[in-house]
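S.K.: Predicted model follows, preceded by the sequence.
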Amino acid sequence: MDESTDFAAAEPPFRVVTRGLSAGELAAVTVVVEAAVQQELEQLQSEPTTSTTAWQRSQRSLRAPLEPGPGAWRSFSA
């Protein structure tokens, strides 16, 4: 079997339910949809998977814990 036979026997990737499309219009829609899917797949594959998320970038570092004790609060006196 060659590739054209496999493609013809395979189930179509999507179904068009609008009536009255010509073969050229259907071919144009198919090309646009397949190009959009291919572009999305390439973008997903090119993005690094170990990047930080927006949530991680928005987090601030925690301040050092306060140490209670004699003389610990002297910096606040006038």
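M.R.: The structure has been received and is ready for your questions.
S.K.: Contacts only, for Trp55.
M.R.: With contacts defined as C-beta atoms under 8 Å, 6 or more residues apart in numbering, Trp55 has no neighbours. Every C-beta, even on glycine, is put in place using the N, C-alpha and C of the backbone.
S.K.: now swap in the one 3 residues further on and tell me
M.R.: For Ser58, no residue counts as a contact, taking C-beta under 8 Å, 6+ apart as the criterion.
S.K.: three-state assignment of the most centrally placed residue in the chain?
M.R.: Centroid-nearest residue in the chain: Leu44, 5.9 Å away (criterion: C-alpha atoms, centre = their mean). Recorded secondary structure, Leu44: helix (DSSP: H, G, I helix; E, B strand; the rest coil).
S.K.: For this structure, which segments are assigned as helices?
M.R.: For the chain, applying DSSP state H gives helices covering 3-9, 23-46, 54-58.
S.K.: Check those helices for me and report the most buried one.
M.R.: Each of those was scored by mean neighbour count; the highest is helix 23-46, a mean of 10, by mean count of other C-beta atoms under 10 Å.
S.K.: chain center to that helix: distance?
M.R.: Centre-to-centre, helix 23-46 and its host chain are 17 Å apart (C-alpha atoms, centre = their mean, to the nearest Å).
S.K.: quick one, what contacts Glu11?
M.R.: By C-beta under 8 Å, 6+ apart, the contact list for Glu11 is empty.
S.K.: pLDDT value on it, please?
M.R.: At Glu11, the model reports a pLDDT of 77.
S.K.: how much space is there between it and Thr18?
M.R.: For Glu11, the distance to Thr18 equals 19 Å [C-beta to C-beta, to the nearest Å].
S.K.: Alright, calling it a day.
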